[in-house]
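Asks: Provided below for reference: sequence and predicted model.
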Amino acid sequence: MGTFFEDRTEAGERLAALLTQFRERPETVVLGLARGGIPVAAAVAKALHLPLGTVLVRKLGIPGHEETAYGALAWVGGRTVRLINKPLLDRVLEHGVRPEWLDDVERRERTELLRRVEVYPGAELDVAGKTVLLVDDGLATGATMRAAVEAVREGGAAAVVAAAPVGSIDAEASVERVCDAVLCLHLPGKFRAVGSFYRHFEQLTDDDAISLLKQ
């Protein structure tokens with residue numbers, strides 16, 4: 001398999017080709033992690049003829065190294081879940097990052113999460129008793145996906161499957177511990193940023209994500 005995906009839609013179509021056991025399956029929904037996972041999830045939902053919704057997620061990034069998450073927040077169906085990587089958090093604090101800086105990060109991300117709750121359709125989708133396919137555009141640390149898993153579990157999901165076109169080996173292993181199944185099309189030995197595995201990896205706007213969810 002080639003390293004690169006053309007874009008998120010093509011990646012979603014390739015994911016769907018390996019998820020055909022869920023095609024038109026009753027009581028099954030596809031939830032894309034907002035924002036980057038939504039176009040991937042939209043392609044999966046379209047191919048499998050399943051309802052599409054979203055889990056609103058925000059990474060809690062280390063100040064100065066924002067791409068590295070020490071935790072994540074997820075919101076779905078009226079519940080906010082906070083997930084913290086305690087060993088990483090302890091190391092971050094030992095290296096001089098102040099607790100108040102982390103408090104600022106979390107306050108800012110919670111505010112953004114709640115803003116999106118007001119404008120994103122599909123975040124209120126009922127998951128109780130359902131099989132939930134959680135889809136993102138990539139698993140770098142696995143933090144946001146794990147928070148999303150916890151959120152849908154709390155919502156009463158009967159089974160949770162995580163799917164992404166690409167992921168790091170460590171992230172896939174960490175997500176596997178909390179899911180019924182994980183599907184990653186590409187697990188490179190040396191993981192770079194998620195975007196480096198796509199030819200086209202534009203930043204999505206709220207309007208882009210909302211338009212896909214409304215379709």
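Replies: The structure has been received and is ready for your questions. Numbers count the residues shown, from 1 in each chain.

Asks: contacts, neighbours, all on C-alpha from now
Replies: Noted.

Asks: Contact partners for C179?
Replies: Contacts of C179 were listed using Cα atoms under 8 Å, 6 or more residues apart in numbering, and they are V149, A159, V160, V161, A162.

Asks: Tell me how many other residues crowd R107.
Replies: Applying the criterion other Cα atoms under 10 Å, we find 13 residues in the vicinity of R107.

Asks: on that earlier part again, from the contacts of C179, which ones fall inside strands?
Replies: Among these, the members falling in strands (DSSP state E) are A159, V160, V161, A162.

Asks: Looking at these, which is nearest E124?
Replies: Using Cα to Cα, V160 is the member of the ones in strands among the contacts of C179 that lies nearest E124, at 17.1 Å.

Asks: In three-state terms, label the residue nearest to that closest one when sequence neighbours are not counted for me.
Replies: With sequence-adjacent residues excluded and distances taken as Cα to Cα, 6 or more residues apart in numbering, V160 is closest to V132, at 4.9 Å. Three-state call for V132 (DSSP: H, G, I helix; E, B strand; the rest coil): strand.

Asks: who does V132 bridge with?
Replies: Per DSSP bridges, residues listed as beta-bridge partners of V132: V29, V160.

Asks: most centrally placed residue in this structure?
Replies: Residue closest to the mean C-alpha point of the chain, counted by Cα atoms, centre = their mean, is L33 at 3.7 Å.

Asks: For that residue, which residues are in contact?
Replies: Contacts of L33 (Cα under 8 Å, 6+ apart): T54, V55, L56, V57, L134, V135, D136, M145, A148.

Asks: What pLDDT is listed against the closest residue in space to it that isn't next to it in sequence?
Replies: When the adjacent residues along the chain are set aside, L33 lies closest to V55, with 5.0 Å between them (Cα to Cα, 6+ apart). In this model, V55 is scored at 95, pLDDT.

Asks: how many other residues sit next to V55?
Replies: Going by other Cα under 10 Å, the residues that sit close to V55 add up to 32.

Asks: which residues touch the residue lying closest to I210 once chain neighbours are set aside?
Replies: Distances taken as Cα to Cα, 6+ apart put Y120 closest to I210, at 5.8 Å, once the chain neighbours are dropped. Taking Cα under 8 Å, 6+ apart, we find Y120 in contact with A209, I210, L213.

Asks: what bridges to the closest residue to V81 other than its chain neighbours?
Replies: Closest residue to V81 apart from its sequence neighbours, by Cα to Cα, 6+ apart: A74 at 5.1 Å. Partner residues in beta bridges with A74, using DSSP bridges, are V57, V81.

Asks: Would you mind confirming that A74 is in contact with L60?
Replies: No: the criterion here is Cα atoms under 8 Å, and A74 misses it with L60 at 10.7 Å.

Asks: S196 falls within a strand, correct?
Replies: No: assignment of S196 by three-state DSSP gives helix, placing it outside any strand.
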